[in-house]
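[1] Here is the input, now give the coordinates:
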Amino acid sequence: MSQEPEEIRVGVYVCHCGGNISDVVDVKRVAQELSQYPEVKVATNYMFMCSDPGQQLIIDDIQRNNINRVVVSACSPALHELTFRSALQRAGLNPYLYENVNIREQVSWVHKGNHEGATEKAIRLTKAGVEKIIRQDPLEVIQVNALPAVLVIGAGIAGMRSALALADRGLAVTLVEMTDKMGGRLNEMSAVYPTEQQASDILKDLQDKVLAHTKIAVSLNTKVVGIDGFVGNFTVRVSASVDGSTTDKEIKVGAIVIASGYDHYQPRDGEFGWGSPNVITLPQFNQLLDSAKGSKGLSHNGKPVKRVAFIHCVGSRQIEGVHEPQSDGKVSDYCSRVCCTAALHSINRLKDAYPAVKVFDVYRDIRTYGRGHEQYYVDASKKGTLFFRHRDDEIPQVSGNKITVHDILTWNEEVEMEADLIVLVTGMIPRNISDIISMLKLPVGLDRFLQEVHPKLRPVELANNGILIAGTCQGPMDIIESCATAEAAASKVAILLSKGTIELDPFVARINEELCDGCELCLAECEYKGALTMVPSDAGQPAKARVNPALCVGCGACAAVCPPRAINIAGWSLDQFDAMVDALVSEPAGVGKE
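    Take a look at the predicted model:
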């Protein structure tokens with residue numbers, strides 16, 4: 001005897017979001033409209049659906065009213081999709097029988113001047129969500145085995161800290177570094193703020209711990225040349241150069257931490273006088289200070305230095321049309337964050353060692369954002385540093401040893417100063433790891449740094465499962481922040497690999513082999529190596545497409561080019577899309593009525 005199909009019983013929950021939504025959208029009307037759907041058995045609104053009481057409303061309806069599909073009209077799914085899935089799970093319902101409808105970012109925040117239109121749009125979007133969830137099958141997570149081993153790319157401070165944290169959690173770590181020594185930018189530094197510890201001491205302590213740890217294998221002069229596989233089961237090919245010979249080997253790991261670091265911005269010829277013998281960058285100036293330690297006076301190129309001028313934001317906060325673009329046609333419009341404090345720290349070192357040297361500081365804005373960093377500005381000012389502030393759209397002019405700038409602090413007066421040494425406070429730019437980006441198809445932000453999934457909710461994770469980031473490959477950071485991200489990445493990896501298996505979301509491509517005609521258009525469209533393959537079929541029949549669910553990211557590119565509609569994305573089928581579109585273009589109840 002065949003089993004009767006389950007009755008679809010949908011619960012719709014409309015969130016006020018504390019006024020973020022309800023100040024614009026008539027949430028009660030949205031719930032009322034949706035209550036007229038035959039499959040909707042509960043439709044209600046609540047002040048904060050994501051709160052514990054809000055979640056309990058959903059749980060109670062599932063358990064008491066036999067609700068077996070849930071639609072929440074609230075804020076972005078990036079914020080609380082996992083929250084509501086967890087609530088369904090606690091109620092004993094499949095967590096994927098849930099649909100999030102975004103009526104905050106997509107409705108109330110963009111239609112504040114049209115309450116009626118916003119309400120109608122919210123109704124349409126929620127109806128589309130109901131139509132989608134009606135056609136949703138229960139989905140199960142995809143499980144893959146996970147190797148308890150990790151590759152860390154880059155042996156700077158972030159890479160070393162991440163490697164140690166991982167090894168201390170019992171994971172085998174391979175730490176690869178393309179240069180001949182560990183430490184990265186620490187090798188360039190002397191005293192570091194805010195602790196004033198010697199960078200060499202920090203480096204020695206970390207290096208000794210890394211080399212002594214039995215769970216860490218260090219490979220210097222080593223470059224990653226290939227990466228295949230998927231989260232839990234990556235195969236990494238590396239090439240190590242030792243005394244002129246090259247050795248290639250494969251490393252199998254469950255996860256990868258990228259800690260590739262940054263490069264200093266390199267001024268182009270003529271930029272702020274670059275190319276002149278009396279113009280140097282801040283890193284070069286710090287090396288000059290270190291080499292002059294203990295001498296009676298500061299000198300450069302054999303000449304005494306009596307006056308030093310610092311120019312901020314060289315290679316940072318650039319403006320299109322004001323600054324010349326770089327080789328890729330773009331300007332670096334981001335703030336490098338650490339430069340201001342680094343420059344002020346160097347100025348104080350200079351004034352402490354050589355109080356008679358006059359110091360000028362030319363800046364647009366000074367951003368000493370870290371705890372206690374403002375004191376560097378106060379101290380530099382007390383020690384006699386003269387500060388000159390210019391407008392955003394004005395570039396200080398450098399000619400020989402002269403700097404000309406219009407000073408906002410003196411009501412835009414044109415000021416000309418002479419300096420024996422001009423120091424360009426250069427910013428951070430991402431290190432060129434285009435080969436690794438290409439291998440893994442890593443997401444890159446507009447600032448050219450690697451792009452995390454979410455700056456608050458998933459700050460060290462990439463969209464690629466099993467790939468974490470640490471340190472300045474993600475963006476400008478100081479040492480403390482780099483170490484914090486390294487520890488965070490290690491914690492995420494340890495959690496990921498702790499059970500021996502990894503659960504992945506089931507939103508991947510599915511093939512209906514009866515409809516597949518073997519045209520292979522899907523293979524040509526798929527950008528993820530190994531996600532789609534062709535497998536032999538019965539004799540005389542064309543090969544059929546097959547999905548590796550661990551490699552598929554559910555992008556839908558294959559479904560879009562499949563003529564017989566043999567491919568669907570689990571949770572986002574073509575039938576669901578058709579029904580959602582129909583709901584969006586249908587008239588909400590009450591529209592056009594008196």
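[2] does residue 344 sit in a helix, a strand or a coil?
    Recorded secondary structure, residue 344: helix (DSSP: H, G, I helix; E, B strand; the rest coil).
[3] can you give me the helices for the protein?
    27-34, 52-64, 77-90, 115-134, 157-168, 199-212, 282-291, 339-353, 374-382, 434-440, 479-497, 521-525, 557-560, 574-585 (DSSP state H).
[4] Residue 405: which of the ones you listed is closest?
    Proximity to residue 405 (CB to CB) singles out helix 339-353 among the helices of the chain, at 16.0 Å. Quick note: C-beta positions are derived from backbone N, CA and C, even for glycine.
[5] what angle separates the closest one from helix 282-291?
    If you take axes from the mean of the first three to the mean of the last three CA atoms, to 10 degrees, helix 339-353 sits at 20 degrees to helix 282-291.
[6] Just want the angle from helix 339-353 to helix 374-382.
    Counting by the same axes, to 10 degrees, helix 339-353 lies at 50 degrees to helix 374-382.
[7] buried residues in helix 339-353?
    339-351 (16 or more other CB atoms under 10 Å).
[8] quick one, domains of this protein?
    10-139, 149-261+431-502, 267-426, 509-570 (automatic domain parsing).
[9] Any figure for the gap between residue 295 and residue 377?
    Using CB to CB, to the nearest Å, one obtains 27 Å as the distance from residue 295 to residue 377.
[10] neighbours of the closest residue to residue 343 other than its chain neighbours, just the number please.
    Of all residues not flanking residue 343 in the chain, residue 425 sits nearest, at 4.5 Å (CB to CB, 6 or more residues apart in numbering). Residue 425 sits with 27 neighbouring residues when counted by other CB atoms under 10 Å.
[11] Give me the pLDDT value at residue 425.
    Note for residue 425: predicted pLDDT of 98.
[12] isn't it right up against residue 339?
    Yes: counting by CB atoms under 8 Å, residue 425 sits close enough to residue 339 to count as a contact (5.0 Å).
[13] Please identify every residue contacting each of these two.
    Contact with both residue 425 and residue 339 is made by residues 282, 312, 313, according to CB atoms under 8 Å, 6 or more residues apart in numbering.
[14] and the second one, what pLDDT?
    The predicted local distance difference test score for residue 312 is 98.
[15] Please apply the same query to residue 589.
    Residue 589 is given a pLDDT of 52.
[16] again with residue 454
    pLDDT recorded at residue 454 is 87.
[17] ok, now how distant is it from residue 461?
    Residue 454 is 8 Å from residue 461, where distance means CB to CB.
[18] which of the two has more neighbours?
    residue 461 (20 against 11).
[19] The residue lying closest to that one once chain neighbours are set aside: how many residues sit nearby?
    Leaving aside its sequence neighbours, residue 461 sits nearest to residue 453 (CB to CB, 6+ apart; 4.9 Å). Neighbour count for residue 453, taken as other CB under 10 Å: 14.
[20] Please tell me how far residue 260 sits from residue 489.
    Remark: distance between residue 260 and residue 489 (CB to CB) = 13 Å.
[21] Which of these two has more residues huddled nearby?
    Counted by other CB under 10 Å, residue 260 and residue 489 do not tie: residue 489 has more neighbours, with 31 against 25.
[22] ranges for the strands of the stretch 151-300 of the chain?
    172-176, 191-192, 197-198, 216-219, 222-230, 233-242, 245-253, 255-258, 262-264, 279-281, 299-300 (DSSP state E, counting those that start in this stretch).
[23] Just say which of those strands is most tucked in.
    Greatest average neighbour count among these goes to strand 255-258 (a mean of 28), per mean count of other CB atoms under 10 Å.
[24] Now do it: which elements does it pack against?
    When contacts are defined as 3 or more CB pairs under 8 Å, 6 or more residues apart in numbering; DSSP states H and E, strand 255-258 sits against strand 149-153, helix 157-168, strand 233-242, strand 467-469, helix 479-497.
[25] Those: which one's closest to residue 367?
    helix 479-497 (14.2 Å).
[26] Show me the beta-bridge partners of the closest residue in space to residue 409 that isn't next to it in sequence.
    Closest residue to residue 409 apart from its sequence neighbours, by CB to CB, 6+ apart: residue 389 at 5.2 Å. Applying DSSP bridges to residue 389 yields these beta-bridge partners: residue 363.
[27] Quick check: end-to-end length of stretch 65-82?
    The straight-line separation of the ends of stretch 65-82 (CA to CA, to the nearest Å) is 23 Å.
[28] what does stretch 401-410 give?
    This stretch, stretch 401-410, spans 22 Å end to end (CA to CA).
[29] So which residues lie in contact with that stretch, not counting its own?
    Contacts of stretch 401-410 with the rest of the structure, by CB under 8 Å, 6+ apart, involve 278, 309, 311, 360, 362, 387-391, 394, 396-397, 412-420, 422.
[30] Kindly report the same for stretch 574-592.
    33, 36, 120, 123-125, 127-132, 134-136, 559, 565, 568.
[31] how close does the residue nearest to residue 343 sit to residue 396?
    In terms of CB to CB, residue 425 sits 12 Å off from residue 396.
[32] Check whether the residue nearest to residue 409 really touches residue 364, as I assumed.
    Yes: using CB under 8 Å, residue 389 is in contact with residue 364, at 7.0 Å.
[33] Which one of the two is surrounded by more residues?
    The neighbour count for residue 389 versus residue 364, taken as other CB under 10 Å, is higher for residue 364 (21 against 17).
[34] Neighbour count for residue 295 and residue 377, which is higher?
    Legend: neighbour count by other CB under 10 Å for residue 295 and residue 377, higher for residue 377 (20 against 10).
[35] quick one on the thing from earlier: make JSON lines out of the helices and strands packed on strand 255-258 and add mean pLDDT and distance to residue 510.
    Output for those, formatted as JSON lines (pLDDT from 0 to 100; distance: least, CB to CB, whole Å):
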{"stretch": "strand 149-153", "mean pLDDT": "98", "distance to residue 510": "31"}
{"stretch": "helix 157-168", "mean pLDDT": "98", "distance to residue 510": "35"}
{"stretch": "strand 233-242", "mean pLDDT": "95", "distance to residue 510": "22"}
{"stretch": "strand 467-469", "mean pLDDT": "98", "distance to residue 510": "25"}
{"stretch": "helix 479-497", "mean pLDDT": "97", "distance to residue 510": "25"}
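[36] And the ones you listed: which comes nearest residue 9?
    Checking the helices and strands packed on strand 255-258 against residue 9 by CB to CB gives helix 479-497 as the closest, at 35.2 Å.
[37] That closest one versus helix 199-212: what angle between them?
    Interaxial angle of helix 479-497 relative to helix 199-212 (the same axes, to 10 degrees): 20 degrees.
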